[in-house]
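**Q** got a structure for you, letters missing:
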């Protein structure tokens, strides 16, 4: 057994105070996201952990790339027939989290997911490289497959079938928009007295802002 009890650091790079924050969490997310990007806070700043409740009743988390955010919420894309897709369609209450260690910041988002309109999914799919488009078609995501060669052989076959043609989005692949109902911003501080500010949606437009004890 490896003892990790001495693994610790002091967080001292910034602060999160009520007089410095906007009334809307999307605006604060926007600020933090671009600050993280400018400071190279992670190799992929848009990488986030998506946690769902599976059909087996267990929570499951995995890293997915955020592809868009606006006043409506947060958008990512996936295979609707995957374990993740089925879990979301069965229970759309999900959690997104971002951790940017270089700036000692974390954001946790609770929200309700819904499929994006087909034209939104079509437009994003069209922007992808052809290899990524074919990968989305060839992979029966989350299903058991016999070997790596199974995927590679099927990909070669698809490359021949789609050569010189426009590769269209399959119906089982598309986006999810996560509409936030709660957003917590965490800023590391010295002596483990971290700043935690939580926004909770009280109606369609208004947010209640509270400080949480670390």
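**A** Yes, it's here. The model shown is predicted, which means the values in this text are computed figures rather than measured ones.
**Q** For the worst-scoring helix or strand of the chain on mean pLDDT, enumerate the helices and strands it packs against.
**A** When each helix and strand of the chain is scored by mean pLDDT, DSSP states H and E, helix 148-161 comes last, with a mean of 89. Counting contacts by 3 or more C-beta pairs under 8 Å, 6 or more residues apart in numbering; DSSP states H and E, helix 148-161 packs against helix 130-138. Quick note: C-beta positions are derived from backbone N, CA and C, even for glycine.
**Q** can you list contacts of the helix it packs on?
**A** Outside of helix 130-138, the residues that reach it under the criterion C-beta atoms under 8 Å, 6 or more residues apart in numbering are 79, 125, 128, 151, 154-155, 158-159, 162, 167, 169-170, 173.
**Q** rerun that using 7 Å as the cut-off
**A** 79, 125, 151, 154, 155, 158, 159, 162, 167, 170, 173 (C-beta atoms under 7 Å, 6 or more residues apart in numbering).
**Q** Check the residues you listed for burial and list the buried ones.
**A** Taking 16 or more other C-beta atoms under 10 Å as the criterion, what is buried in the contacts of helix 130-138 is 79, 125, 154, 158, 167, 173.
**Q** Quick check: bridge partners of residue 79?
**A** Listed beta-bridge partners, residue 79: residue 173 (assigned using DSSP bridges).
**Q** Report the contact partners of it.
**A** Counting by C-beta under 7 Å, 6+ apart, residue 79 makes contact with 85, 136, 141, 172, 173.
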